[in-house]
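Trainee: Take this sequence and fold it.
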Amino acid sequence: MKEFKFWAIPYPIKQILLMAAPIWILYIPVFFCLGIEHIHYFIFGTWALAICFVLIFVRRVKISFTPANEINIFFNGKLKYSGSPVNLEYVQGANIADGRSNTVLYFSFSDKKFMFNILENRNSFTSGTTKQVELLRYMVTVFNLRTEYYKDSMQGRIFTYWNPIYKESLRPKEYNKSER
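Mentor: Below you'll find the predicted structure:
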């Protein structure tokens, strides 16, 4: 059994954080309104908010592959998805040729989609590959995924890795408003 573990912010939580961004703008004037004798309250509040952010929003993600190549996705030790490779439509993520790139990681299954913002800091002094690239390299070799360039982003190039054994008939039918 092969396992990949990393810390990530799942997709819906990222949207909540983006909506809460204006609250941080109000936090800045508080710093300037406090006198120098009360700055320790500001520092304590900053640390408290950072700890709350980590405890509430960041999840421990584990993606494991069984000997039968069944894909299991866990959040904080709880199974969130289990499926066969036939259900995997594509994976979208970093360039596997560049071992140090790190982008948003998408999994698209026939019945569920996952998006992870992996928290892994790589700078020019660290060596080795990122967890995301290791995961994608493993999936490309085991499932024979086809690589296709998707787009450039600020975090690096994003590629889509298509599954050739995906069954289109497994995809749920979407409602078409023009049909009656």
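Trainee: where are the low-confidence patches of the protein?
Mentor: Scanning the chain for pLDDT under 70 picks out 11-28, 30-31, 34-38, 99, 121-127, 168-180.
Trainee: As a check, name the ranges of all strands in it.
Mentor: If you assign secondary structure with DSSP state E, the strands in the chain sit at 2-10, 59-65, 71-75, 78-83, 88-94, 105-109, 113-118, 146-153, 156-162.
Trainee: how many other residues sit next to the closest residue to residue 117 other than its chain neighbours?
Mentor: Taking CB to CB, 6 or more residues apart in numbering, and ignoring the residues beside it in sequence, residue 117 has residue 9 as its nearest neighbour in space, at 4.4 Å. For the C-beta atoms, the positions are set from N, CA and C on the backbone; glycine is no exception. Residue 9 has 20 neighbours, counted by other CB atoms under 10 Å.
Trainee: from what I can see residue 9 touches residue 120, true?
Mentor: No - using CB atoms under 8 Å, residue 9 is not in contact with residue 120; the gap is 11.8 Å.
Trainee: What residues does residue 133 make contact with?
Mentor: Applying CB atoms under 8 Å, 6 or more residues apart in numbering to residue 133 gives the contacts 94, 95, 96, 98, 99, 100, 101, 102.
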